[in-house]
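Student: turn this into a structure:
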Amino acid sequence: MPRHIERKERRLTWYATLTVPHDVRRKLGRNRFRQSLGTRDPKVAERLAAPLVAEWQSAIASARGDEAAENDPAFWRRSLAWANTREERVIVEHELMYHVQNQGYDNTDPEAQRFYARAFGSIIDTTEHLEEWLGSLQ
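Tutor: Numbers count the residues shown, from 1 in each chain. I've put the predicted structure just below:
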(Lines give C-alpha, C1' and ligand atoms only; values in the text may rest on other atoms or scores of the structure.)
Protein backbone atom coordinates (compact mmCIF):
# COMPACT_ATOMS: atom_id res chain seq x y z
CA MET A 1 0.00 0.00 0.00
CA PRO A 2 1.43 3.40 -0.91
CA ARG A 3 2.13 5.85 1.85
CA HIS A 4 -0.49 8.54 1.90
CA ILE A 5 1.22 10.73 4.45
CA GLU A 6 3.46 13.76 4.16
CA ARG A 7 5.07 16.32 6.43
CA LYS A 8 5.77 19.95 5.65
CA GLU A 9 9.24 21.28 6.39
CA ARG A 10 8.01 24.09 8.65
CA ARG A 11 5.53 21.94 10.55
CA LEU A 12 6.25 18.79 12.48
CA THR A 13 2.75 17.35 12.10
CA TRP A 14 1.99 14.63 9.54
CA TYR A 15 -0.88 14.95 7.06
CA ALA A 16 -2.96 12.33 5.27
CA THR A 17 -3.08 13.06 1.53
CA LEU A 18 -4.64 11.64 -1.59
CA THR A 19 -4.57 13.11 -5.10
CA VAL A 20 -7.99 13.13 -6.76
CA PRO A 21 -7.96 11.56 -10.25
CA HIS A 22 -8.58 13.98 -13.12
CA ASP A 23 -11.87 12.37 -14.15
CA VAL A 24 -13.64 13.19 -10.87
CA ARG A 25 -12.02 16.48 -9.84
CA ARG A 26 -14.92 18.55 -11.15
CA LYS A 27 -17.52 16.39 -9.35
CA LEU A 28 -15.64 16.48 -6.04
CA GLY A 29 -14.61 20.11 -6.40
CA ARG A 30 -11.01 19.50 -5.39
CA ASN A 31 -7.66 18.31 -6.71
CA ARG A 32 -6.45 16.74 -3.51
CA PHE A 33 -7.63 15.50 -0.13
CA ARG A 34 -5.49 16.59 2.82
CA GLN A 35 -6.06 16.40 6.57
CA SER A 36 -3.83 16.89 9.59
CA LEU A 37 -3.25 13.75 11.62
CA GLY A 38 -2.12 15.60 14.76
CA THR A 39 0.95 13.46 15.36
CA ARG A 40 4.70 13.68 14.89
CA ASP A 41 5.20 9.91 14.75
CA PRO A 42 5.24 8.57 11.15
CA LYS A 43 4.07 5.07 12.16
CA VAL A 44 1.10 6.48 14.04
CA ALA A 45 0.43 8.78 11.09
CA GLU A 46 0.27 5.84 8.66
CA ARG A 47 -2.18 4.04 10.95
CA LEU A 48 -4.37 7.14 11.31
CA ALA A 49 -4.26 7.89 7.58
CA ALA A 50 -5.56 4.48 6.46
CA PRO A 51 -9.25 4.97 7.32
CA LEU A 52 -9.21 8.52 5.92
CA VAL A 53 -7.72 7.33 2.64
CA ALA A 54 -10.29 4.50 2.48
CA GLU A 55 -13.08 7.03 2.98
CA TRP A 56 -11.64 9.31 0.29
CA GLN A 57 -11.26 6.40 -2.12
CA SER A 58 -14.88 5.49 -1.47
CA ALA A 59 -15.89 9.08 -2.27
CA ILE A 60 -13.92 8.88 -5.53
CA ALA A 61 -15.61 5.56 -6.42
CA SER A 62 -19.03 7.08 -5.66
CA ALA A 63 -18.24 10.14 -7.78
CA ARG A 64 -17.42 7.80 -10.65
CA GLY A 65 -20.71 6.02 -10.09
CA ASP A 66 -18.85 2.85 -9.16
CA GLU A 67 -21.35 1.17 -6.87
CA ALA A 68 -19.74 -2.18 -7.69
CA ALA A 69 -16.84 -1.50 -5.30
CA GLU A 70 -19.17 -1.35 -2.30
CA ASN A 71 -20.98 -4.49 -3.48
CA ASP A 72 -17.74 -6.46 -3.28
CA PRO A 73 -17.15 -8.12 0.13
CA ALA A 74 -13.38 -7.72 -0.42
CA PHE A 75 -13.85 -3.92 -0.34
CA TRP A 76 -15.33 -4.19 3.15
CA ARG A 77 -12.69 -6.74 4.29
CA ARG A 78 -9.97 -4.25 3.31
CA SER A 79 -11.79 -1.40 5.06
CA LEU A 80 -12.12 -3.49 8.22
CA ALA A 81 -8.45 -4.48 8.03
CA TRP A 82 -7.43 -0.83 7.83
CA ALA A 83 -9.45 0.05 10.93
CA ASN A 84 -6.86 0.09 13.71
CA THR A 85 -8.94 1.24 16.64
CA ARG A 86 -12.24 -0.01 17.98
CA GLU A 87 -13.90 3.29 17.05
CA GLU A 88 -12.70 3.05 13.43
CA ARG A 89 -13.92 -0.54 13.18
CA VAL A 90 -17.35 0.39 14.56
CA ILE A 91 -17.62 3.15 11.95
CA VAL A 92 -16.80 0.73 9.10
CA GLU A 93 -19.24 -1.87 10.51
CA HIS A 94 -22.02 0.72 10.62
CA GLU A 95 -21.25 1.81 7.05
CA LEU A 96 -21.41 -1.85 5.98
CA MET A 97 -24.75 -2.35 7.71
CA TYR A 98 -26.10 0.86 6.15
CA HIS A 99 -24.94 -0.29 2.70
CA VAL A 100 -26.64 -3.70 3.05
CA GLN A 101 -29.88 -2.08 4.18
CA ASN A 102 -29.72 0.38 1.25
CA GLN A 103 -29.60 -2.63 -1.06
CA GLY A 104 -33.02 -3.61 0.29
CA TYR A 105 -31.96 -6.43 2.61
CA ASP A 106 -32.92 -7.03 6.21
CA ASN A 107 -30.08 -8.18 8.50
CA THR A 108 -31.90 -11.50 8.97
CA ASP A 109 -32.03 -12.18 5.21
CA PRO A 110 -29.81 -15.17 4.27
CA GLU A 111 -28.27 -13.22 1.37
CA ALA A 112 -27.35 -10.36 3.72
CA GLN A 113 -25.86 -12.82 6.21
CA ARG A 114 -23.72 -14.41 3.47
CA PHE A 115 -22.53 -10.95 2.42
CA TYR A 116 -21.64 -10.09 6.04
CA ALA A 117 -19.81 -13.41 6.44
CA ARG A 118 -17.73 -12.74 3.31
CA ALA A 119 -17.10 -9.13 4.33
CA PHE A 120 -15.93 -10.12 7.80
CA GLY A 121 -13.84 -12.94 6.36
CA SER A 122 -15.62 -15.69 8.29
CA ILE A 123 -16.27 -17.52 5.00
CA ILE A 124 -14.27 -17.28 1.82
CA ASP A 125 -15.89 -17.09 -1.58
CA THR A 126 -14.52 -20.19 -3.29
CA THR A 127 -16.50 -19.88 -6.51
CA GLU A 128 -13.69 -17.97 -8.20
CA HIS A 129 -11.38 -21.00 -7.73
CA LEU A 130 -13.98 -23.70 -8.37
CA GLU A 131 -13.21 -24.19 -12.08
CA GLU A 132 -9.48 -24.48 -11.38
CA TRP A 133 -10.10 -27.03 -8.64
CA LEU A 134 -12.49 -29.09 -10.78
CA GLY A 135 -9.93 -29.08 -13.56
CA SER A 136 -7.26 -30.42 -11.22
CA LEU A 137 -9.45 -33.44 -10.39
CA GLN A 138 -9.32 -34.82 -13.93
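
Student: can you give me the strands for this structure?
Tutor: Assigned by DSSP state E, the strands in the chain fall at 5-7, 14-19, 32-36.

Student: who's in contact with the second one?
Tutor: Surrounding strand 14-19, the residues in contact under the criterion C-beta atoms under 8 Å, 6 or more residues apart in numbering are 4-8, 31-37, 39-42, 45, 48-49, 52-53, 56-57. C-betas here are computed from N, CA, C, even on glycine.

Student: among those residues, name the buried ones.
Tutor: Those of the contacts of strand 14-19 that meet the buried threshold are His4, Ile5, Phe33, Leu37, Thr39, Ala45, Leu48, Ala49, Leu52, Val53, Trp56, Gln57, by 16 or more other C-beta atoms under 10 Å.

Student: ok, the second one - contacts?
Tutor: Shown in contact with Ile5 (C-beta under 8 Å, 6+ apart): Trp14, Tyr15, Ala16, Thr17, Leu37, Pro42, Ala45, Glu46, Ala49.

Student: so where's this protein uncertain?
Tutor: Judged by pLDDT under 70, the chain has its weakly predicted residues at 1-2, 9-10, 66-69, 84, 123-130, 138.

Student: ok, Phe33 to Ala117 distance?
Tutor: To Ala117, Phe33 is 32 Å away according to C-beta to C-beta, to the nearest Å.

Student: again, but for Glu55
Tutor: As judged by C-beta to C-beta, Glu55 and Ala117 stand 24 Å apart.

Student: okay if I get the contacts of Ile5 as CSV plus distance to Glu93?
Tutor: As requested, these are exported to CSV (distance: C-beta to C-beta, whole Å):
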residue, distance to Glu93
Trp14, 27
Tyr15, 27
Ala16, 21
Thr17, 26
Leu37, 23
Pro42, 28
Ala45, 24
Glu46, 22
Ala49, 20
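
Student: same list (the strands of the chain) but as CSV, adding distance to Asn71.
Tutor: Shown next, in CSV, are those (distance: least, C-beta to C-beta, whole Å):
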stretch, distance to Asn71
strand 5-7, 30
strand 14-19, 22
strand 32-36, 24
